[in-house]
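Asker: next input, structure requested:
(one chain, ligands or ions: 2)
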Amino acid sequence: TTDTQDREQTDGFHLVIDALKLNDIDTIFALPGIPITDFLRISQAEGMKVISFRHEQHAGNAAAAAGFITGKPGICFTVSAPGFLNGLTALANATTNCFPMILVSGSSEREIVDLQQGDYEEMDQLAIAKPLCKAAFRVLHAEDIGVGIARAIRAAVSGRPGGVYLDLPAKLFAQSMDKEAGRKSLIKVVDPAPKQIPAPDAVKRAVDLLKSAKRPLVILGKGAAYAQADADIKAFVEKSGIPYLPMSMAKGLLPDNHNQSASAARSYVLAEADVVMLVGARLNWLLSHGKGKTWGAEGSKSAGKQQFIQVDISPTEADSNVAIAAPVIGDIGSCISAFNQAMGSGWAKPPADWTGAIAERKDKNLTKMAETLAKNPPVMNFHSALNVIRNTVKENPKAYLVNEGANANALDFTRSIVDMYEPRRRLDVGTWGIMGIGMGFAVAAAAVTGEQVIAVEGDSAFGFSGMEVETICRYDLPVCIVVMNNNGIYKGTDVNPRGDAMAPTQFVKNARYDMMMQAFGGVGVVAKNPEELKKALDEAVASRKPTLINAMIDESAGTESGRITSLNPAAAKKK
Ligand code: ADP
Ligand code: MG
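Answerer: Ligands and ions are numbered 1, 2, ... in the order given. Alright, predicted model coming up:
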């Protein structure tokens, strides 16, 4: 016994840290509190980068964005019950978006939770997390920490990526064990996201269909961006000569000014294409479920007759909304290089009447857009402000653009006006169209890459995570937030018919969001016109100082929900 007592000991704290490090995870997004405070202190002492937030949802969103950018699971640590629940929104959002992240929450004592005896922050967290993520695990013994972390990593990044919950009861951190045995219990995960090679006959079926197309279209989704197969995708698009549409977060996978981009003729190509190849994009609401008038008016030559190819890692995605004629299941890198091979050398480009018709519409729409952007109305509106941001991003193509806001305003307009030039640089509201991702995503992009971040935020959207400006200042991150301030949700001009208070969509007029940044030592600026906005943006990018630009936008400029207005239920009873 003296022998074992003399031998060096380790504990739960150190085993968790060592397991993460062993798997090349060097950053933790978190919010300290019982029982993880000491864990975070020790992590930092052991050389981990710990980014501590003001609300768990933003720490979780940061982990999710880090996962999307790096392809490694982003790690978020929270306290039990309420902290766990705050993190859960981010975990569910990550899962919905196919971003790999691991939410690790401390939890109360099993014996007390299971008998419902009323522990401090008592909650059966594992049971609650399960339906909202890809996988959920709990570790009860120090010697199982290695397995727990390995399982969480594999679940997060293999196949279709997503969120994983890992439950670590308070007692686990303090458990000690023999140091050498502890070291041996850890697992370095070999090949965490194994390649999945598509079946040759599936590739052939798809290539044959593509060959037969008269009006082919490629749609690149955020799965294609995530896959980090940038060179193969570019080679495929250029070799095929097929026009493509990038989904929101696939913008920049090929530069938006690429001559095959059909973004400026989006409604035309969706309605007219006969063969559509989806690459890491789902036929969900963002693509009108692959049917209806977006996909061709009743009786038109394409309506309901499109044939789809779907390249995706998930075998159950095909046929989720409409029939998929040629599913190709595998990782996008392997699938696209198989396409490149199968297409051979003598590939015929799509018919010129198709590409010509697209070019014509594109030119017309781009000219119209350029005219709108060139206008300088007396009161700054979304277009005149976004024209400035468009130029700044063009001058700084490596910058990350975070974007959230009401559809049609800060969001839709930014998506269509601000071109992206590099892959995975646009981070936004994603599959749910969620509000609240802004500051979490901005912190992650800056902390993980060191690049400049420009966050274009509706004034409403900013409110969901605004307190994290303190986090941005505390870590002195190169984040420039542009609040598109139009005094409200959608716009600031609604009226309350009762006359006793503001309308539910209105905010305090001309609010000084810039002073929030000043409160923590950052730079806060009011911009009333494009010149002031440009000057402030240039200074932010040059200095890399935390900056908030309060861009005062015409309060009557907003449009409600834009493309998705139809999702608002309409009252049967008319006023
Ligand atoms: P978007 O919103 O941009 O259209 P979605 O989130 O709807 O994109 O779709 C992304 C798709 O990409 C998902 O169906 C997911 O299974 C798939 N995916 C994610 N990563 C990979 C990968 N490495 N290889 C293949 N498919 C992937
Ligand atoms: Mg607004």
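
Asker: and the helix or strand encompassing residue 266, C-alpha only, in PDB?
Answerer: Secondary structure from DSSP states H and E places residue 266 in helix 266-272. C-alpha atoms of helix 266-272 as PDB (Å, rounded to 0.1, in the frame of the first residue of the first chain):
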ATOM      1  CA  ARG A 266     -31.500  33.300 -58.500                       C
ATOM      2  CA  SER A 267     -35.200  33.200 -59.100                       C
ATOM      3  CA  TYR A 268     -34.700  32.600 -62.800                       C
ATOM      4  CA  VAL A 269     -32.400  29.600 -62.400                       C
ATOM      5  CA  LEU A 270     -34.500  28.000 -59.700                       C
ATOM      6  CA  ALA A 271     -37.600  28.200 -61.800                       C
ATOM      7  CA  GLU A 272     -35.900  27.100 -65.100                       C
END
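
Asker: pLDDT below threshold where in the chain?
Answerer: 1-6, 407-408, 558-566, 571-575 (pLDDT under 70).

Asker: picking that back up, so which elements touch the helix holding residue 266?
Answerer: strand 244-246, helix 352-374 (3 or more Cβ pairs under 8 Å, 6 or more residues apart in numbering; DSSP states H and E). (C-beta placed from N, C-alpha, C; glycine too.)

Asker: okay if I get these as JSON lines plus mean neighbour count and distance to residue 77?
Answerer: Compiled in JSON lines, these are given as follows (neighbours: other Cβ atoms under 10 Å; distance: least, Cβ to Cβ, whole Å):
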{"stretch": "strand 244-246", "mean neighbour count": "24", "distance to residue 77": "34"}
{"stretch": "helix 352-374", "mean neighbour count": "14", "distance to residue 77": "44"}
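
Asker: ligand 1 contacts on the stretch 1-150 of the chain?
Answerer: Residues of the stretch 1-150 of the chain lying near ligand 1 by Cβ under 6 Å from any ligand atom: 97, 98.

Asker: list the contacts of the residue in the stretch 101-250 of the chain positioned nearest to ligand 2.
Answerer: Nearest residue of the stretch 101-250 of the chain to ligand 2, counting by Cβ to the ion: residue 248, 19.3 Å away. Applying Cβ atoms under 8 Å, 6 or more residues apart in numbering to residue 248 gives the contacts 222, 286, 415, 426, 428, 430.

Asker: can you pull the contacts of residue 540?
Answerer: Taking Cβ under 8 Å, 6+ apart as the test, what residue 540 contacts is 480, 523, 547, 549.

Asker: out of the residues you listed, which touch ligand 1?
Answerer: Within the contacts of residue 540, nothing lies near ligand 1 by Cβ under 6 Å from any ligand atom.

Asker: closest to ligand 2 among those?
Answerer: For those, the nearest to ligand 2 is residue 549 (14.9 Å; Cβ to the ion).

Asker: my read is that that closest one contacts residue 485, right?
Answerer: No. Judged on Cβ atoms under 8 Å, residue 549 makes no contact with residue 485 at a distance of 9.6 Å.

Asker: is ligand 1 within reach of the helix or strand encompassing residue 427?
Answerer: Element membership of residue 427 [criterion: DSSP H and E] is strand 426-428. No. Under the criterion of Cβ under 6 Å from any ligand atom, strand 426-428 makes no contact with ligand 1; the nearest approach is 9.8 Å.

Asker: which residues does residue 30 contact?
Answerer: Applying Cβ under 8 Å, 6+ apart to residue 30 gives the contacts 36, 40, 50, 51, 52, 53, 59, 76, 77, 78.

Asker: do the same with residue 319
Answerer: residue 327.

Asker: also residue 152?
Answerer: If you count contacts by Cβ under 8 Å, 6+ apart, then residue 152 has 73, 102, 135, 137, 164, 166 around it.

Asker: ok, which of the helices and strands packed on helix 266-272 comes nearest ligand 2?
Answerer: Closest among the helices and strands packed on helix 266-272, once you apply Cβ to the ion, is helix 352-374, at 19.7 Å.

Asker: residues touching the closest one, excluding its own?
Answerer: For helix 352-374, the surrounding residues in contact (Cβ under 8 Å, 6+ apart) are 214-216, 241, 243, 262, 264-265, 268-269, 272, 349, 383-384, 386-387, 390, 416-417.

Asker: which one of the helices and strands packed on helix 266-272 lies nearest to ligand 1?
Answerer: In terms of Cβ to the nearest ligand atom, the element of the helices and strands packed on helix 266-272 nearest to ligand 1 is strand 244-246, at 8.2 Å.

Asker: that closest one packs against which elements?
Answerer: Judged by 3+ Cβ pairs under 8 Å, 6+ apart, strand 244-246 is in contact with strand 216-220, helix 266-272.

Asker: can you give the contact residues for the last one?
Answerer: Same thing as helix 266-272. 215, 217, 243, 245, 262, 287-288, 293-297, 300-303, 354, 357-358, 361.

Asker: same thing with the first one?
Answerer: With Cβ under 8 Å, 6+ apart as the contact definition, strand 216-220 has outside contacts at 210, 233, 237, 240, 242-247, 250, 253-254, 262, 269-270, 273-281, 287, 350, 354.

Asker: strands paired with that strand, and their directions?
Answerer: Sheet pairing of strand 216-220 (DSSP bridges) gives strand 244-246 (parallel), strand 275-279 (parallel).

Asker: helix or strand: which one has the residue of the chain found nearest ligand 1?
Answerer: Closest to ligand 1 within the chain is residue 223: 1.9 Å, counting by Cβ to the nearest ligand atom. In the assignment (DSSP H and E), residue 223 maps to helix 222-226.

Asker: next helix or strand past that helix?
Answerer: Proceeding C-terminally, helix 222-226 gives way to helix 230-240 as the next helix or strand, assigned by DSSP H and E.

Asker: quick one: contacts of that following helix?
Answerer: Taking Cβ under 8 Å, 6+ apart as the rule, helix 230-240 contacts 210, 216, 218, 220, 224, 244, 253-254, 258, 260, 279, 332-333, 336-337, 339-340, 343, 347, 349-350, 423.

Asker: skipping adjacent residues, who's closest to the single nearest residue of the stretch 251-400 of the chain relative to ligand 2 in space?
Answerer: Per Cβ to the ion, residue 382 is where the stretch 251-400 of the chain lies closest to ligand 2, at 9.7 Å. What sits nearest to residue 382 in space, not counting adjacent residues and going by Cβ to Cβ, 6 or more residues apart in numbering, is residue 413, at 4.8 Å.

Asker: quick one, what contacts the one you found?
Answerer: 382, 383, 386 are the contacts of residue 413 under Cβ under 8 Å, 6+ apart.

Asker: separate out the buried members of these.
Answerer: 382, 383, 386 (16 or more other Cβ atoms under 10 Å).

Asker: those residues in helices, which ones?
Answerer: 382, 383, 386 (DSSP state H).

Asker: so the residue lying closest to residue 70 once chain neighbours are set aside, which state does it fall into?
Answerer: Excluding the flanking residues, the one nearest residue 70 by Cβ to Cβ, 6+ apart is residue 448, at 6.3 Å. State at residue 448, reduced to three classes by DSSP: H, G, I helix; E, B strand; the rest coil: helix.

Asker: ok, how many other residues are close to residue 448?
Answerer: 22 (other Cβ atoms under 10 Å).

Asker: that one contacts residue 68, correct?
Answerer: No. Between residue 448 and residue 68 there is no contact under Cβ under 8 Å: 10.1 Å.

Asker: for residue 463, see how far away residue 504 is.
Answerer: Going from residue 504 to residue 463 by Cβ to Cβ, to the nearest Å gives 14 Å.
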